[in-house]
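>>> Starting from these lines, generate the structure:
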Amino acid sequence: MADFTSLVLRLDALRQHLAETLRTKGVAITDEETLAALIEKAALVDNTSGMNQIRNGYQLFRGNTTMVVFPTFDTASFDSMYQMCYGCTALERVPALDTSNVANMMYAFYGCTNLQESRIGGKLDFSKVTSKIDTTFVSCVALEEVAFTGTIVADIAMNGCPKLTVESLVFLLNALSDTGNGKTCNIGAKNLAKLNVTQKAIATDKGWTLT
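All right, here's what the predicted structure looks like:
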């Protein structure tokens, strides 16, 4: 029977080298990931241009518990940010983020308990998001400021962000589509209590259920 020990050792060395290379580029890697999984992530990165050539945000920084500031690079080509910063408990700031072509924002900042401000290139554009936005900011308990532009057409929940400013909440309500047709905008009791009747009507007059 052939002895594949040498080949296995070389492949493991390759896996370790690839893992370290991806980590230096800010990609979240776990020790359990296979070589095939690492190659798939590496395909998202053009090594000649680094972070600027990452083409998708799918689980990009998932589980990274040391990243404090989201790196600055072009995300205009991203069509998914599914679990992009899931569980990034050290993340505090996201200075720039283009979401104009993103269709899936589920769990994007789930569990980012230290996320303090989210100006994200000025304003978040969820116009092309077709997934529910109900898990995007779960447990972002420190988040105070986030601005929106474009038109939100999917159910959205910001109830995991009880410290949102009134200005941020009004940005959100103004971005809701004019044809809510019973869609839900869940901002939670604490945020709801910050709004007056006129502000709440921004959502309800457009057919949205505001909770």
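
>>> Which residue ranges of the protein form helices?
With DSSP state H as the criterion, the chain has helices at 5-24, 35-42, 166-175, 189-192, 197-204.

>>> Ranked by average pLDDT, which of those falls at the bottom?
Lowest mean pLDDT within those: helix 35-42, at a mean of 75.

>>> Turn the helices of the chain into CSV, columns for mean neighbour count and distance to residue 90.
Where you see a C-beta, it was placed from the backbone N, CA and C, and this is true even at glycine. Shown next, in CSV, are those (neighbours: other CB atoms under 10 Å; distance: least, CB to CB, whole Å):
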stretch, mean neighbour count, distance to residue 90
helix 5-24, 12, 15
helix 35-42, 15, 21
helix 166-175, 19, 22
helix 189-192, 14, 25
helix 197-204, 14, 33
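
>>> Could you dump the ones you listed into CSV with distance to residue 129 added?
Formatted as CSV, these follow (distance: least, CB to CB, whole Å):
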stretch, distance to residue 129
helix 5-24, 27
helix 35-42, 23
helix 166-175, 11
helix 189-192, 20
helix 197-204, 17
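
>>> Looking at those helices, which is nearest to residue 67?
Closest of the helices of the chain to residue 67 is helix 5-24, at 10.9 Å (criterion: CB to CB).

>>> CA atoms only: put the closest one into PDB for me.
Backbone C-alpha positions of helix 5-24 (Å, rounded to 0.1, in the frame of the first residue of the first chain) are rendered in PDB as follows:
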ATOM      1  CA  THR A   5       2.500  10.500   4.800                       C
ATOM      2  CA  SER A   6       4.900  12.800   2.900                       C
ATOM      3  CA  LEU A   7       2.000  14.100   0.700                       C
ATOM      4  CA  VAL A   8      -0.300  14.700   3.700                       C
ATOM      5  CA  LEU A   9       2.500  16.600   5.500                       C
ATOM      6  CA  ARG A  10       3.100  18.800   2.500                       C
ATOM      7  CA  LEU A  11      -0.600  19.500   2.100                       C
ATOM      8  CA  ASP A  12      -0.900  20.400   5.800                       C
ATOM      9  CA  ALA A  13       2.000  22.800   5.500                       C
ATOM     10  CA  LEU A  14       0.300  24.400   2.500                       C
ATOM     11  CA  ARG A  15      -2.900  24.700   4.400                       C
ATOM     12  CA  GLN A  16      -1.100  26.400   7.300                       C
ATOM     13  CA  HIS A  17       0.700  28.800   5.000                       C
ATOM     14  CA  LEU A  18      -2.500  29.700   3.200                       C
ATOM     15  CA  ALA A  19      -4.300  30.300   6.500                       C
ATOM     16  CA  GLU A  20      -1.600  32.600   7.700                       C
ATOM     17  CA  THR A  21      -1.600  34.500   4.400                       C
ATOM     18  CA  LEU A  22      -5.400  35.000   4.600                       C
ATOM     19  CA  ARG A  23      -5.200  36.100   8.200                       C
ATOM     20  CA  THR A  24      -2.700  38.900   7.300                       C
END
